[in-house]
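Trainee: Model the following, please.
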Amino acid sequence: KALSSSVGTVVVGDAVSTGDSDGAGEGVEDSRRIGHSVSLGGIDGDVVAFVGVGAVGLSRFDAGTGKWSSIETINSLEGNIPETAKVSLSTEMDRLALAYNGKLEVHEYSASSVEWIRRLVLNDGLVQSTTNHTALSMSGDGMFVAFLQPDLGLQMIDVKTWTRYPVATTPNVAILQVEVSLNGRIMAVLTDNGVELKVPDPSEFWVDLVAPITDVKRATAIALSGNGETLAITSRTHTMLYSLNAGDDETSTFTIAQGGIELSIDYDGHLLAIGRSNDMLNADQTFTTVALYRRSTWDQPPSFEYGFLEDIQLGDTSGASLSLLTTKNTVENSTKIAIGAPLDGRKQQGSVRLYQVQHVSIQ
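Mentor: Residues are numbered from 1 along each chain as shown. Below is the predicted model:
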């Protein structure tokens, strides 16, 4: 069983208002069509970052008032951020990565000056790229950033030293998505030929952990748990989960007979979110439902099986991105999820809807 309840408030520009008294708040909304990319961070998911047309912003949850703050605008290098931009927020500190048009920016929040400060820009003035595809993932601890760099391929950036390390991927294969674990020591790369799992060798050159995973044909999305022990891969027809824990046997996989457009998984791989539509074979890159699945923890040791919890219906809104918290929650069996919807069906403006999910062990 799972209970999801809205913890969102409505934000339009700088005006803040609460949701309905019954908790059915609509999330964070803004006329810049925010929600093309969302990233949940902070302690227990109390910070959410999002990309909109021409802007990137952030909102914080105040547990005392039960409200989300007005939008904090991130001072990006370019004022006109494209909707294809990606944002990735660290979960353990105020650090944020932003990628667009072949560029990478890393921003840090300064508590003393109460503002976001741009610390790093890659490719500014060096590569004139108009690519409409971006692959980006910041580790939960904020110390590593994986970034698809034009002409150079996939790179891992050590934020502490601002050093770039190459990631060896299959030649002449398009990279579609990248996911990094909490400590940045394992990476999952979705290509049009399968999923490659990477780890650093002693010289910090990223190499294959295992042979590429090609079980899921025409995969649409991947998700890697924060502890690096569970990998999820989805297509339009089904979803497969893999246990990467060295203590498990080699056949630790589980198949869910439901496909999706987007995926997210929590820190320990216990809660999985699949963004899907009713007609997956003809769906575009948006979804209308978020299906929640919970790993069984009843058996000792726990079996690698997942059971359906519930659907979060978005109504007349189509989602484009979603994010579960990838660090360990301080409250057991409770977590937040952020769902980005750039075009609200009623108001034709963007929204980020936030829900608190209460989930318990399944038998």
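
Trainee: Could you use CA atoms for every contact and neighbour count after this?
Mentor: Fine.

Trainee: what about V178, which helix or strand?
Mentor: Secondary structure assigned from DSSP states H and E places V178 in strand 175-180.

Trainee: Off-centre distance for that strand?
Mentor: 11 Å (CA atoms, centre = their mean, to the nearest Å).

Trainee: ok, now stretch 260-279?
Mentor: Its chain's C-alpha centre lies 10 Å from the corresponding centre of stretch 260-279 when counted by CA atoms, centre = their mean.

Trainee: buried stuff in that stretch?
Mentor: When burial is assessed from 16 or more other CA atoms under 10 Å, stretch 260-279 yields the following buried residues: 260-277.

Trainee: Over to stretch 61-76?
Mentor: Under 16+ other CA under 10 Å, the buried positions of stretch 61-76 are 61, 67-71, 74, 76.

Trainee: pLDDT (mean, whole number) over that stretch?
Mentor: Along stretch 61-76, the predicted confidence averages to a pLDDT of 80.

Trainee: now do stretch 35-44
Mentor: On average, stretch 35-44 scores 86.

Trainee: next one: stretch 134-143
Mentor: Summarised as a single mean, pLDDT over stretch 134-143 is 92.

Trainee: Please renumber the chain so that the first residue is 24 from this point on.
Mentor: Got it, the first residue is 24 from now on, which makes the last one we talked about stretch 157-166.

Trainee: So for that stretch, first residue to last residue, what's the gap.
Mentor: From the first residue to the last, stretch 157-166 extends over 20 Å; the measure is CA to CA, to the nearest Å.

Trainee: and if you look at stretch 360-376?
Mentor: The separation between the terminal residues of stretch 360-376, taken as CA to CA, is 8 Å.

Trainee: and if you look at stretch 133-144?
Mentor: The first and final residues of stretch 133-144 sit 18 Å from each other (CA to CA).

Trainee: what residues does it touch?
Mentor: Outside stretch 133-144, the residues that touch it by CA atoms under 8 Å, 6 or more residues apart in numbering are 97-99, 126-132.

Trainee: just to revisit the earlier point, state the pair within the buried residues of stretch 84-99 that is farthest apart.
Mentor: By the measure CA to CA, those have their two most distant members at K90 and S99, which lie 26.0 Å apart.

Trainee: related to what we said a few turns ago, pipe the contacts of stretch 133-144 into JSON lines and attach secondary structure and distance to A211 per row.
Mentor: What follows is the contacts of stretch 133-144, written out as JSON lines (DSSP: H, G, I helix; E, B strand; the rest coil; distance: CA to CA, whole Å):
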{"residue": "I97", "secondary structure": "coil", "distance to A211": "28"}
{"residue": "N98", "secondary structure": "coil", "distance to A211": "30"}
{"residue": "S99", "secondary structure": "coil", "distance to A211": "27"}
{"residue": "K126", "secondary structure": "strand", "distance to A211": "21"}
{"residue": "L127", "secondary structure": "strand", "distance to A211": "19"}
{"residue": "E128", "secondary structure": "strand", "distance to A211": "21"}
{"residue": "V129", "secondary structure": "strand", "distance to A211": "21"}
{"residue": "H130", "secondary structure": "strand", "distance to A211": "24"}
{"residue": "E131", "secondary structure": "strand", "distance to A211": "25"}
{"residue": "Y132", "secondary structure": "strand", "distance to A211": "28"}
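
Trainee: just for the protein, where's the confidence low?
Mentor: In the predicted model, the chain carries pLDDT under 70 at residues 24-55, 147-155, 269-274, 320-325, 353-354, 367-372, 382-386.

Trainee: Mind telling me which residue is nearest the centre of it?
Mentor: Computing the C-alpha centroid of the chain and ranking residues by CA atoms, centre = their mean puts S346 first, at 4.3 Å.

Trainee: That one - nearest residue in space that isn't next to it in sequence?
Mentor: Counting by CA to CA, 6 or more residues apart in numbering, the nearest residue to S346 once its immediate chain neighbours are dropped is A361, at 5.1 Å.

Trainee: Endpoints of stretch 200-209, how far apart?
Mentor: From its first residue to its last, stretch 200-209 covers 14 Å (CA to CA).
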